[in-house]
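What would the 3D arrangement of this be:
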Amino acid sequence: MLRILTLLCVLSLSCESLGQDDYLRSIKINLAKTDGEINRFYNLSVGAGRANEGMRADWRQQLAEVHRDAGFRYIRMHGLLTDDMAVYRIDDKGQDQFNFQYVDDLYDYILSIGMKPFVELSFMPNALASGEQTVFWWRGNVTPPHSYEKWGALVKTLTQHFTNRYGAKEVESWYFEVWNEPNLEGFWQGSQADYFKLYEYAANAVKSVNPNYKVGGPATAGAAWITDTIGFCVANDVPLDFVSSHSYGVSQGFLDEYGTTGTVLANEERAITNDILKNREEITRSSMPALPLHYTEWSTSYTPADPIHDSYHSAAYILQKIKQVGDAAQSMSYWTFTDIFEEAGPRYEVFHGGFGLMNMQGIKKPSYFAFQFLNDLEKVSLQNEDKQSFASKSQNGDVHVLLWDYTYTLPKKTNNQQFYNRLQKPREKGNVQLNLDGLIKGRYQLQIAQVGFRKNDAYSEYIDMGSPNQLTRRQVEKLKKTATGAPHTTRIIRIDKSGRFDLELPLRENDVYSVKLTRL
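Modelled structure (predicted):
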């Protein structure tokens, strides 16, 4: 049996502390016991604020980077049809005028880097709107169309344009989602019946161009309307290729764009997960039991001013939810990939609790590395009874184990804005023992990377700087260097004929470890 005590000393764990009594948990993996291919539902899609933000060079640079590292394949965003994208107006002769030059520029770029659009059909062009109610600083119109026929014509014209520009085969791989959170008054000024009418016209318009195109909804907040949507579509013979909803991990607080009221992370083991499992059960009981389920928004908090988004706690939280969901959803689109996000207008602080995996300057948050490490998992899933780890191997015998501790640490009667904006030193949890069996004899490169307090944790370093609203170029570079995701330990090891490898790691609250063994 191989025991790499010298490595443990490098990890600042004293050799005297390696006794069996110190083990908190043991992860035992046999490479002969596989569990099919890794289900990569977690990186099918990622969110962004609004389409017009995608015209910015820094937004595009960050998207290319997160696509490269985290492997996201689709991107979903609001505002494709709002006036800042200039898609529809009525000319001086009273005729409909369509223009897709901005949309083309955005979608051309998305496709050029190897991603695809998860098309959200929202919000209402002002010339087509029945009212003046808007949402967000950029004033997305949330009223029903004054003519559903013209709404259907807009969607059909847009879909035909996509077909002409990109080809039917390409567009068949896309998803068309109708609207965003119509069960919330702030996003939809009509009734549920009005939304179903909006959906019916849009879905029929998409299918009239090509019956193989995928269309769905209702993109609701809080797991709502799934049964109602399926029932409506079945009763009225309306196309429905998938259903979608959203969930966030808070138990208290409302959409608080500036963080002045306070949100509270839910102290519930299966927050978010229960919403997804509920929807999966509703689908199974319906007359369309095989419908795909896409969660097109999710995160720790629905507030773009919540410091938990910047904190190291988020990395373990993300992994915990993905592990719990398993195969219940076909995608979970994290909201969002970047802090270049202007629902509340341009932000005046470098770290303001924004949704993004990166801040405006491209400084990577701990949450970024949760997705990067997931993307690094090998192709084949290994059987694993541990509830806070993934184990995988490649065809040639490389092994990657991703393990973490998720611990709820928010004190009672304290909200996120009061707690996560301060340095939070974690408690020690003991050691975790990783036992791998069935390795091929030979030399391997061992790489260990870590996320946690002061480990790929730019936010804690930022707090050390005094949390300045603005950063110098030197400060930006310093923070970027503290959060690269690179392994802190790289060693060559030898596996003998027993095929065993044992590793002990010190574990703190909300630590994340990526352990990779690459055959040489």
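
If we ignore the residues flanking it in sequence, what's nearest the residue nearest the centre of the chain?
The centroid of the chain falls nearest to residue 334 when counting by C-alpha atoms, centre = their mean (1.8 Å). With C-beta to C-beta, 6 or more residues apart in numbering as the criterion, residue 334 has its nearest non-adjacent residue at 5.4 Å, and that residue is residue 46. The C-beta positions use only the backbone N, C-alpha and C, and glycine is treated the same way.

sorry, back to before: now do the contacts for the residue nearest to the centre of the chain.
Contacts here follow C-beta atoms under 8 Å, 6 or more residues apart in numbering; on that basis residue 334 touches 46, 47, 298, 299, 318, 357, 367, 371.

Likewise for residue 107?
Contacts of residue 107 (C-beta under 8 Å, 6+ apart): 117, 162, 166.

just residue 266 next, same as before
249, 250, 251.

From what I see, the first one and residue 264 are in contact.
No - taking contact to mean C-beta atoms under 8 Å, the distance of 9.9 Å between residue 249 and residue 264 leaves them out of contact.

out of these two, which sits in the more crowded spot?
Of the pair residue 249 and residue 264, residue 249 is the one with more neighbours under other C-beta atoms under 10 Å, namely 24 against 20.

That one: what's it in contact with?
So residue 249 contacts 265, 266, 271, 272, 299, 300, 301, 317, 321 (C-beta under 8 Å, 6+ apart).

Return the set of residues that bridge with the fifth one.
Residue 299 has these beta-bridge partners by DSSP bridges: residue 248.

List the contacts of it.
Residue 299 touches 248, 249, 309, 334, 335, 355, counting by C-beta under 8 Å, 6+ apart.

how does the protein divide into domains?
Here the domain parsing of the chain from automatic domain parsing is 5-37+380-519, 41-51+60-339.

want to throw these into TSV with mean pLDDT and distance to residue 351?
Listed next are those as TSV, based on pLDDT from 0 to 100; distance: least, C-beta to C-beta, whole Å:
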stretch	mean pLDDT	distance to residue 351
domain 5-37+380-519	90	6
domain 41-51+60-339	96	5
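
Tell me which of those domains sits most buried.
domain 41-51+60-339 (a mean of 20; mean count of other C-beta atoms under 10 Å).

circling back to that earlier point, against which helices or strands is the helix or strand harbouring the residue nearest to residue 334 packed?
Under the criterion of DSSP states H and E, residue 46 resides in strand 45-50. Packing contacts for strand 45-50, counted by 3 or more C-beta pairs under 8 Å, 6 or more residues apart in numbering; DSSP states H and E, involve helix 57-70, strand 74-78, strand 293-299, strand 331-334.

now with 6 Å?
strand 74-78, strand 331-334 (3 or more C-beta pairs under 6 Å, 6 or more residues apart in numbering; DSSP states H and E).

coming back round to it: and the contacts of residue 299, which is closest to residue 63?
residue 334 (13.3 Å; C-beta to C-beta).

which residue ranges form the strands in the stretch 301-450 of the chain?
With DSSP state E, counting those that start in this stretch as the criterion, the stretch 301-450 of the chain has strands at 331-334, 380-382, 389-393, 399-404, 428-437, 442-451.

Kindly reformat the ones you listed as JSON lines containing distance to residue 156.
What follows is the strands of the stretch 301-450 of the chain, written out as JSON lines (distance: least, C-beta to C-beta, whole Å):
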{"stretch": "strand 331-334", "distance to residue 156": "26"}
{"stretch": "strand 380-382", "distance to residue 156": "42"}
{"stretch": "strand 389-393", "distance to residue 156": "43"}
{"stretch": "strand 399-404", "distance to residue 156": "45"}
{"stretch": "strand 428-437", "distance to residue 156": "55"}
{"stretch": "strand 442-451", "distance to residue 156": "46"}
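
right, and these - which one's nearest residue 64?
Closest among those, once you apply C-beta to C-beta, is strand 331-334, at 17.0 Å.

The closest one: how far from the chain's middle?
Centroid separation between strand 331-334 and its chain, computed with C-alpha atoms, centre = their mean, to the nearest Å, is 5 Å.

Tell me which residues are up against the host helix or strand of residue 243.
Per DSSP H and E: residue 243 is located in strand 242-248. Under the criterion C-beta atoms under 6 Å, 6 or more residues apart in numbering, residues 177, 216, 219-221, 223, 226, 272, 275, 291-294, 296-299, 301-302 lie in contact with strand 242-248.

one more time with 7 Å, if that's ok
Residues outside strand 242-248 that contact it (C-beta atoms under 7 Å, 6 or more residues apart in numbering) are 175, 177, 181, 214, 216-217, 219-224, 226, 229-230, 272, 275-276, 279, 283, 291-299, 301-302.

Next, the angle strand 45-50 makes with that strand.
70 degrees (axes from the mean of the first three to the mean of the last three C-alpha atoms, to 10 degrees).

All further residue positions should be reported with the first residue as 35.
Got it, first residue is 35 now, which makes that one strand 276-282.

between strand 276-282 and strand 108-112, what angle do the directions make?
70 degrees.
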